[in-house]
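A.B. asks: my questions are about this predicted structure, shown below with the sequence.
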Amino acid sequence: MANFIEKLTGKVKPGENGEDKPAYTLSSDKGEIEIGNMNQLGYIGAGRHNGDPAALFNSFQLIKSGQIVDEGNNEQKKKEATDALDSQINDLKEKINGHKTAMDKIDQVDLPAIESEVEKNKLKIEQIRAEARNNRYQRNRFNLIILWTGFILGLFYLYLFYVSAIHSALFRNIAAEVAKATTDNVGLLLNNVFNLTAFKEFNIHWFAPVVFFIFAFIFHFTLEIKTRSVRYISITVVVLFVLAADGMLAYFIEKNNHLLGQLMGLSDDSWAFYKSSGFYLVLFFGFFTSMGWSIILHKLAKEFETGNPERKAEAEISSLEKVLRQLNYEKGVAATSRIENINAIASIEERIKALERSKTNVHYSLIDLENNIDNFYNGWLSYLNGLKSGVAIKQECEKVYSGFKTENINKSLTA
């Protein structure tokens, strides 16, 4: 009984109590564990298997897995190594819980919220389109009548005005007018804001007013620009251009009137265009009326936009579609994040499995493992050296020994 207790407590030394093998065994969850001096265990193992290289390889695996243990091993060191592995496993499990929490948030909070917003915006778009279809073309008739009247009358007026003004400024035959001048038509000749002669001659001045109408349309488009700073700069440029063009027309008309007055002896050389009321009349009838007509054109276009619910709805739908695109992007990001979490969990679980396997093969360090392998093999060689015909077996065993160390120790040290 005393011998049995001493075996269990590891106090029996090899060779004592009349035993012929310096080892003993204990039962564990790994099976039978053989404990003893590694050198002697190697010698006994070689004798038991006649130095078989396959048996040597299996013995190395048993040493690695902890089923052949050196009697000098410290159980406290083994516990510390196991506890270190358990700590790593627990840390990895915490990471898995973190990834699962992130996935739960994606599945239960993020994706449902995004889906809800997507459905709400799609419903809004359908409602806007339905309302637009059911409320077509509700325009203010009074505003339309006023705007159309002003637009049509202004169109005819400006066309006729610029035909007359451009003719008076650029195509006027002053010599012929002086020759035909009488006391009855002098006032008509000197009043050239509206010149009837312009409508009796066919020249390019009939087409020149198109330039001013083009700038009226440009003025309308500049008012549509969304960016405030760009809109103000564009409006200023267009207004200054039209003002300069009308100012040049007024100047040349007034200059021709002054020249006609000089030839008829009705004016002297002391002339300044900016002192003439005719100059400002041309600006008033031209520039200010042109700007007013441009604004009427813009308001008329706006009336069509506001009066057409389908066109008005386009801006709202466009804004909602932009929101939908952003929501779909966020949905894709959330789905990608979910896949990344799944992959991370799978990777961590593989690491945990590897650590769990390591717990069953605990060695305190690679150095301890290497020492045990070396000592066991030295005992194995001691047996082989005593055999007369053990040269071939010894060579095979040397290959097993070198291969095992390369695969299990040297590679790990290099990594």
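C.D. replies: That came through fine.
A.B. asks: who are the contact partners of Lys394?
C.D. replies: For Lys394, the contacting residues are 51, 381, 384-385, by Cβ atoms under 8 Å, 6 or more residues apart in numbering. Quick note: C-beta positions are derived from backbone N, CA and C, even for glycine.
A.B. asks: and if we set it to 10 Å?
C.D. replies: Applying Cβ atoms under 10 Å, 6 or more residues apart in numbering to Lys394 gives the contacts 51, 53, 380-381, 384-385, 387.
A.B. asks: which residues in this protein form strands?
C.D. replies: Taking DSSP state E, the strands of the chain run over residues 23-28, 31-36, 68-70.
A.B. asks: which neighbouring elements make contact with the second one?
C.D. replies: It refers to strand 31-36. Contact here means 3 or more Cβ pairs under 10 Å, 6 or more residues apart in numbering; DSSP states H and E; on that basis strand 31-36 packs against strand 23-28, helix 38-49, helix 53-65, strand 68-70.
A.B. asks: for Trp293, find the nearest of those.
C.D. replies: helix 53-65 (98.0 Å; Cβ to Cβ).
A.B. asks: show me which positions of the closest one end up buried.
C.D. replies: 53, 55-57, 59-60, 62-65 (16 or more other Cβ atoms under 10 Å).
A.B. asks: kindly report the same for stretch 283-294.
C.D. replies: 283, 285-287, 289-291, 293-294.
A.B. asks: ok, now stretch 336-356?
C.D. replies: Of all the residues in stretch 336-356, those buried under the rule 16+ other Cβ under 10 Å are 338, 341, 344-345, 348, 352, 355.
A.B. asks: so which of the residues you listed sit within helices?
C.D. replies: 338, 341, 344-345, 348, 352, 355 (DSSP state H).
A.B. asks: circling back to that earlier point, need the helices and strands packed on strand 31-36 in TSV (columns: distance to Ala208 and mean pLDDT).
C.D. replies: Below are the helices and strands packed on strand 31-36 laid out as TSV (distance: least, Cβ to Cβ, whole Å; pLDDT from 0 to 100):
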stretch	distance to Ala208	mean pLDDT
strand 23-28	110	54
helix 38-49	113	89
helix 53-65	102	87
strand 68-70	111	77
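A.B. asks: including distance to Leu327, could the ones you listed go into JSON lines?
C.D. replies: What follows is the helices and strands packed on strand 31-36, written out as JSON lines (distance: least, Cβ to Cβ, whole Å):
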{"stretch": "strand 23-28", "distance to Leu327": "59"}
{"stretch": "helix 38-49", "distance to Leu327": "68"}
{"stretch": "helix 53-65", "distance to Leu327": "55"}
{"stretch": "strand 68-70", "distance to Leu327": "63"}
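A.B. asks: ok, which of those comes nearest Phe142?
C.D. replies: Using Cβ to Cβ, those put helix 53-65 closest to Phe142, at 98.4 Å.
A.B. asks: and that closest one, C-alpha only, in CSV?
C.D. replies: C-alpha atoms of helix 53-65 as CSV (Å, rounded to 0.1, in the frame of the first residue of the first chain):
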residue,chain,number,x,y,z
PRO,A,53,11.8,3.6,-36.2
ALA,A,54,8.0,3.7,-36.4
ALA,A,55,7.8,3.0,-32.6
LEU,A,56,10.3,5.8,-32.1
PHE,A,57,8.1,8.2,-34.1
ASN,A,58,5.0,7.2,-32.0
SER,A,59,7.0,7.7,-28.8
PHE,A,60,7.9,11.2,-29.9
GLN,A,61,4.2,11.9,-30.6
LEU,A,62,3.4,10.6,-27.1
ILE,A,63,6.0,12.9,-25.6
LYS,A,64,4.6,15.9,-27.5
SER,A,65,1.0,15.0,-26.4
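A.B. asks: from the contact counts, what lies against it?
C.D. replies: Using 3+ Cβ pairs under 10 Å, 6+ apart: helix 53-65 touches strand 31-36, helix 38-49, strand 68-70, helix 366-385, helix 391-405.
A.B. asks: any stretches of the stretch 201-350 of the chain with poor pLDDT?
C.D. replies: Applying pLDDT under 70 to the stretch 201-350 of the chain flags residues 258, 260-269, 271, 305-312.
A.B. asks: can you map out the helices along it?
C.D. replies: Remark: helices assigned in the stretch 201-350 of the chain by DSSP state H, counting those that start in this stretch are 210-223, 228-263, 277-283, 289-307, 309-360.
A.B. asks: now do the longest one and helix 289-307, the angle between them.
C.D. replies: Computed by axes from the mean of the first three to the mean of the last three Cα atoms, to 10 degrees, the angle separating helix 309-360 from helix 289-307 equals 60 degrees.
A.B. asks: by how many degrees do helix 309-360 and helix 53-65 diverge?
C.D. replies: 110 degrees.
A.B. asks: who does helix 309-360 touch, helix- and strand-wise?
C.D. replies: Using 3+ Cβ pairs under 10 Å, 6+ apart, the elements in contact with helix 309-360 are helix 75-105, helix 111-134, helix 289-307.
A.B. asks: cool, and the first one?
C.D. replies: Helices and strands in packing contact with helix 210-223 are listed as helix 141-170, helix 228-263, helix 289-307; criterion 3+ Cβ pairs under 10 Å, 6+ apart.
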